[in-house]
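K.L.:
here is a sequence with its predicted model. Questions after.
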Amino acid sequence: MADTMKGLKRTHYCGDVTEVGQEVVVGGFVDRIRNKGGVIFIVLRDRTGIVQLLFNDKSNPEIFEKAASCHSEYVLMAKGKVCERESKNYKIKTGLVEIFVDDLRILAKAQTPPFEIVSDSNVNEELRLKYRFLDLRREPLQRNIIMRHEIAKVTREYFYENGFIEIETPMMMKSTPEGARDYLIPSRVHQGKFYALPQSPQIYKQLLMISGYDRYIQLARCFRDEDLRADRQPEFTQIDLEMSFVDAEDIQECVEGFVQRVFKEVMNVDIPTPLPRLTFADAMNRYGSDKPDTRFGFEIQDISETVKDIDFVVFQNALIDGGSVRAINVKNGAGTYTRKEIDKLVEHAKGIGAKGLAYIRWADEPNCSFKKFLGDGQLEKICDAVNAEKGDLVLICADKNKTVLSTLGAIRLICGKRLDVIPEDKYNFLWITEMPFFEHDDENNTWVAAHHPFTMPMEECIEYLDTDPANVRAKAWDLVLNGTELSSGSMRITDFELQQRMFEALGMTDEEIKAKFGFLVDAYRYAAPPHGGMGIGLDRLAMIMCKADSLRDVTAFPKVQNASELMSECPSVVDDESLSVLGIKVDVKED
């Protein structure tokens, strides 16, 4: 039978035991044991760190015997006096002391875990996720989860201090189109009808502005049924905010203050403000991405004018079709990228949709993949245009602008990582502004909303809503950090007639508008202050601040690629009786 805590009360966390001469009581998990016969050392671990327990021939024999019976991951409480450690460890906070134990309690015994609980575990992630409760005992994950908590704490403090009110919005709401599939909840009372889990609190926070709560904040749980990747989970936390009687610059300035505060308090990193800005068009033209990583160079350069007279059919066809020829100069890339390595880049480019890549590899002499098509001085002109010199690798793509930019944007990142030129300890924030209002659906040859339908167009673009969708820009912006989109924000439409035009421009009928957004449309008839807001991804912010590779590393109980959780084995089958109460029959589709 396990010991009890009776008579003992924890006085210190393991990582806080540093003062010689103190009487302390600590509790935690057995990290490791060294039994040297007459001396036993037990390293005890909790969420603050580790401390060494000492047992020797001066110990009570019963206590010594109990210590000898301990194994890894046992839960112990120990009382004793802090003394100076003979063999010191200067790498850890408690490395100069140890506790000479005079009372030891084994509160729980553990069977041998399926993997060793160590920081640098080489166990495959699937096994660790199956036993996530054990994986969460490891120091790297505990550090990440605690840092995420600290980020959330600073977030609340900052926005409270700036006059924001935290208001919870419903988790069960009406299904409305927001860009991804909803997670649906069947109603028992209203059979055949469904609630939806919120993709974001978008509609409710706008209603709160209409209700007069001019500064709203919420650490909101959001749900989206979409394909997963390293920076996406089906459920996530959003630092959700909305402000009234403001313009875009006011919102951005407020968020810049938050960014500055959270990095300083959590990491002691200074973020200079105001944050730099790029228009969407400039970001695409320079980096081939609307979420560019600006920590390194290799920017895209348009060389269409330089190559227009080169008799190379790939270049000529692209220009005739209204496309362009663009290049990136991978500085000092010639030594790393052999012909075989370049072939891999070409295959990657084809996978994105490009027809291929042309290149100039300047090792000892410039080696050009389209050299036979060049006239006198034309190679030199290209090298001059992209500032290429000995040691560089120039990669060239010719196609429609959309294909060229997305291809070179992706290749730029691959080369940056391969050449290890992306500094880990640099945090480059960036506002992307003047976002396109519509996106063209090539498959259906139609224009669709690039944002939710309440996004305000820029005033000078309103006249083009019905006639020239490609030229309509939104009063919308993204906050990007090191190539990751942290947040999207916008000013909202508050004019009832303009909102109606917006719905009509998206091809919605009056019946659809009423069915999907009737309550919101009605609310705007009663007047709304000018307002806008943002939703900042707390999980993504934590992932970057923790230098983690995936959201799974900053989420306590994450889902995997197919949106299942390996530990609890959800989603799971529900019995027929439970389905019957909901009026549901399951028709499983064959793969």
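P.N.:
Done, it's in.
K.L.:
now residue 99, nearest residue through space, not along the chain?
P.N.:
Counting by C-beta to C-beta, 6 or more residues apart in numbering, residue 80 is the residue found nearest to residue 99 once chain neighbours are left out, at 4.4 Å. C-beta here means a position set from N, CA and C on the backbone, and glycine is covered the same way.
K.L.:
top helix in this protein by residue count?
P.N.:
helix 139-161 (DSSP state H).
K.L.:
element containing the residue nearest to residue 99?
P.N.:
Secondary structure from DSSP states H and E places residue 80 in strand 75-84.
K.L.:
that strand: which residues count as buried?
P.N.:
Under the neighbour-count criterion of 16 or more other C-beta atoms under 10 Å, strand 75-84 has 75, 76, 77, 78, 79, 80, 82 buried.
K.L.:
I'd like to know how far the residue nearest to residue 586 when sequence neighbours are not counted sits from residue 573.
P.N.:
Take residue 586 and drop its neighbours on the chain: the residue closest to it by C-beta to C-beta, 6+ apart is residue 579, 6.6 Å away. Here the criterion is C-beta to C-beta, to the nearest Å. By it, residue 579 lies 10 Å from residue 573.
K.L.:
kindly report the same for residue 411.
P.N.:
45 Å.
K.L.:
please say which of the two ends up with more neighbours.
P.N.:
Taking other C-beta atoms under 10 Å, residue 411 and residue 573 do not tie; residue 411 has more neighbours (24 against 8).
K.L.:
mind pulling up the pLDDT for the more buried one?
P.N.:
According to the prediction, residue 411 has pLDDT 97.
K.L.:
quick check: buried residues in the lowest-mean-pLDDT helix or strand in the chain?
P.N.:
The least trusted helix or strand in the chain, going by mean pLDDT, DSSP states H and E, turns out to be strand 446-449, with a mean of 72. In terms of neighbour count (16+ other C-beta under 10 Å), strand 446-449 has its buried residues at 447, 449.
K.L.:
can you map out the strands along the stretch 451-591 of the chain?
P.N.:
476-481, 484-491, 531-537 (DSSP state E, counting those that start in this stretch).
K.L.:
and the longest one, what does it pack onto?
P.N.:
By that I understand strand 484-491. helix 248-267, strand 476-481, strand 531-537, helix 538-545 (3 or more C-beta pairs under 8 Å, 6 or more residues apart in numbering; DSSP states H and E).
K.L.:
sheet partners, orientation included, of it?
P.N.:
Next to strand 484-491 in the sheet, as set by DSSP bridges, lie strand 476-481 (antiparallel), strand 531-537 (antiparallel).
K.L.:
got those as JSON lines, with distance to residue 389, mean pLDDT and mean neighbour count columns?
P.N.:
Formatted as JSON lines, the strands paired with strand 484-491 follow (distance: least, C-beta to C-beta, whole Å; pLDDT from 0 to 100; neighbours: other C-beta atoms under 10 Å):
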{"stretch": "strand 476-481", "distance to residue 389": "31", "mean pLDDT": "96", "mean neighbour count": "24"}
{"stretch": "strand 531-537", "distance to residue 389": "40", "mean pLDDT": "96", "mean neighbour count": "24"}
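K.L.:
among those, which comes closest to residue 25?
P.N.:
Across the strands paired with strand 484-491, residue 25 has its closest neighbour in strand 531-537 (40.8 Å, C-beta to C-beta).
K.L.:
kindly calculate the angle that the closest one makes with helix 538-545.
P.N.:
50 degrees (axes from the mean of the first three to the mean of the last three C-alpha atoms, to 10 degrees).
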